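# Provide a 3D model corresponding to the input given below.
(4 chains)
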Number of protein chains: 2
Amino acid sequence: MTMLEGVTTRPGGRRPGATRTRVDILAAAQRSFAEHGYVLTTIRGVARAAGVDPALVLQFFGSKDGLFDAALRDDPPVRALVTLAGEGDPSDLGPRLAARYLELWEDPHTGPRMLAVVRAATAAPSASAMVTAFMTDEVMLPLARAIGADQAELRAALTGAYLFGVASARYVLGVAPLAALDREAAVTYVAPVVQHHLTGDLTPP
Amino acid sequence: MTMLEGVTTRPGGRRPGATRTRVDILAAAQRSFAEHGYVLTTIRGVARAAGVDPALVLQFFGSKDGLFDAALRDDPPVRALVTLAGEGDPSDLGPRLAARYLELWEDPHTGPRMLAVVRAATAAPSASAMVTAFMTDEVMLPLARAIGADQAELRAALTGAYLFGVASARYVLGVAPLAALDREAAVTYVAPVVQHHLTGDLTPP
DNA sequence: CAAGCATAGTCATCGATGTTGAATTTCTCG
DNA sequence: CGAGAAATTCAACATCGATGACTATGCTTG
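Here you go, the predicted model:
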């Protein structure tokens, strides 16, 4: 309205043209959560990295937990574990699952995201839900069902809990005897227990 | 100095008489950590419960993490798991350890403290150290050594990781198929795997 | 093509948190 | 008794997540 204002950009208001800000925020959030974890990731930091006002992040995602959820919920490589059931005999699903699972943890793309989810599992409700979903509906249960296991829910949860424990010790806590193993050796130790949970007698004499 | 001030207590300064404030703070911290977890426990809240200024808490314990460490580091019932090794045959240590471990989690005194430690394991360095110590030097390794197991470090870490996974799923995340089991049934499923890790062939054909 | 609503965006602000530094009082020990 | 150590409070800082008001653009419908 007035002619006094020079070229100084007017603050508020939508930017003209197409907008990919939401995607930028998500990308920045993924990086930050993967690199610094949930607690050390700050909405302000994500906003800064995306070149955006912090309030916009919350406008889009509702809360810090919502941002985490949007950034890390769907992890295709992890979900793809389910396909292992159809690629071989149930009798050696243990070794194949153990190997692929540990590979995912050590993959430079997927590993940091799994780390972020597990580390946040006790701080962010959405992360807790993701881990639970992994042990049940999303990965382990379909896997157990695909090989026609009895007590599929129980076998799925037990297998998931075991894998979670191993990964926590080896990759999150860095417990020396497990962290020092090379992956091949780790698979050797982990595979039989996975196999037992999936197809073995759950209550031997 | 002046006579104007009435009965109003002078703020700063040490209180006369014996002092048990430190113990009060520790007790309040234990309660709060056990009931609300690490993140939701606030130094100000602990100070309020102990009737003390927040700064005093930090004067005593250095940081929130230091407070957590002082409040929850030594848990005699958990450490007492080690004695199981001497109370029976190594060939049924699996069932005994599994049973006692799950009992501890469901004990109204010890359970909430273990919950606090595990929930904080990814947020508080001291909690992470406690869990690691459980899997190694403090509990599982002495146990493995006491029964003369080969590869004691590895067996200890694997057993600890497994127990950690089961407890996380059943008590922290509340994964339905595991959380719904009564304790007896849970022991039935968990015990064989514990036994395998402690005395079984770690790399069967 | 104009009106109107949804979307994108900023700003100022709130209450809470962990932590620090200075100040004050009491205890303890030579 | 006097000095240093210990206990205690207060005030303040820098951040953090979250909210509400406000503004500017885009999209849809008449």
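# Packing partners of the longest helix seen in chain A?
Ranked by number of residues, the top helix in chain A under DSSP state H is helix A:21-40. Packing contacts for helix A:21-40, counted by 3 or more CB pairs under 8 Å, 6 or more residues apart in numbering or on different chains; DSSP states H and E, involve helix A:43-50, helix A:54-61, helix A:64-72, helix A:110-120. (Each C-beta comes from the backbone N, C-alpha and C, glycine too.)
# any chance of those in JSON lines, plus mean neighbour count and mean pLDDT?
Putting the helices and strands packed on helix A:21-40 into JSON lines (neighbours: other CB atoms under 10 Å in any protein chain shown; pLDDT from 0 to 100) gives the following:
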{"stretch": "helix A:43-50", "mean neighbour count": "18", "mean pLDDT": "96"}
{"stretch": "helix A:54-61", "mean neighbour count": "16", "mean pLDDT": "96"}
{"stretch": "helix A:64-72", "mean neighbour count": "21", "mean pLDDT": "97"}
{"stretch": "helix A:110-120", "mean neighbour count": "21", "mean pLDDT": "97"}
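# could you redo the ones you listed as CSV and give each row distance to chain B?
Shown next, in CSV, are those (distance: least, CB to the nearest CB, whole Å):
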stretch, distance to chain B
helix A:43-50, 16
helix A:54-61, 19
helix A:64-72, 12
helix A:110-120, 4
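# Look up how far DNA strand C lies from the closest residue in space to A:K64 that isn't next to it in sequence.
Setting aside the residues directly before and after it, A:K64 is nearest to A:I43 in space (CB to CB, 6 or more residues apart in numbering or on different chains), at 5.8 Å. Note on A:I43: its distance to DNA strand C, by CB to the nearest atom of the strand, to the nearest Å, is 11 Å.
# contacting residues around A:I43?
Applying CB atoms under 8 Å, 6 or more residues apart in numbering or on different chains to A:I43 gives the contacts A:P54, A:V57, A:L58, A:K64, A:L67.
# ok, which of the residues you listed also contact DNA strand D?
A:P54, A:L58, A:K64 (CB under 7 Å from any atom of the strand).
# ok, those vs DNA strand C, which is closest?
For DNA strand C, the nearest member of the ones next to DNA strand D among the contacts of A:I43 is A:P54. The distance, counting by CB to the nearest atom of the strand, is 6.9 Å.
# just checking, that closest one touches A:K64?
No - between A:P54 and A:K64 there is no contact under CB atoms under 8 Å: 10.7 Å.
# Run through who's touching stretch A:191-203.
With CB under 8 Å, 6+ apart, stretch A:191-203 has contacts from A:90-95, A:97-99, A:143-144, A:147, A:149, A:151, A:154-155, A:158-159, A:162-163, B:162, B:188-189, B:192-193, B:196-197, B:202-204.
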